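A.B. asks: next input, structure requested:
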Amino acid sequence: MSVDALRPSYEAKRRRSLTLVQQALESLHEQGKAVTISTIEAETRKVDSDGIGVNRTTFKRNPEVAALVDQVLSRPLHRAAVPQYHQVNTNALRPGRELNRAFHRLLSKSKQELATRVIVLEEELLDLRQQLANRDRLVIEEQERRWR
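C.D. replies: Now for the predicted structure:
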């Protein structure tokens, strides 16, 4: 099956999503309800005759829906993730700490927080390896001088 054969189906779904989101926004406005991603998603299910609605991932994938939702919310749906490397504190890490407790504490972190922490720890590991390599080189050079 070619891409061209799928295009009419895609276009129909794209138009359906846009129409349902527009109807949901009008309905929320008429009811005086707060407009959020969650309320828009829930309202699309109510206004959809099939009861399916539009999933919030479509709000980002469909450019027309994304533009409409961005305009209504007055903020972009796509926010660039800016790692906060300086906020990661590794000074509190101690040998012999309770690993199970640390594990459960980390489970509450977001993917972005965990990724940032991993990058900071990787950089610290690389720095420590470089320091050890430099120290080893100096020790070897010192021993070679003594043997001469």
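A.B. asks: which secondary structure element contains D50?
C.D. replies: Using DSSP states H and E, no element contains D50; it sits outside every helix and strand.
A.B. asks: and for E144?
C.D. replies: Assigned by DSSP H and E, E144 falls in helix 111-147.
A.B. asks: that helix: which residues count as buried?
C.D. replies: In terms of neighbour count (16 or more other C-beta atoms under 10 Å), helix 111-147 has its buried residues at T116, R117, V120. Every residue, glycine included, has its C-beta placed from N, CA and C.
A.B. asks: and the pLDDT for the second one?
C.D. replies: Meaning R117. Looking at R117, its pLDDT is 89.
A.B. asks: start at 808 instead
C.D. replies: All right, first residue 808 from here; so that's R924.
A.B. asks: tell me how many other residues surround the nearest residue to it once chain neighbours are set aside.
C.D. replies: Once flanking residues are discounted, R924 sits nearest to V895: 5.3 Å by C-beta to C-beta, 6 or more residues apart in numbering. When neighbours are counted by other C-beta atoms under 10 Å, V895 registers 16.
A.B. asks: and the pLDDT for V895?
C.D. replies: Looking at V895, its pLDDT stands at 82.
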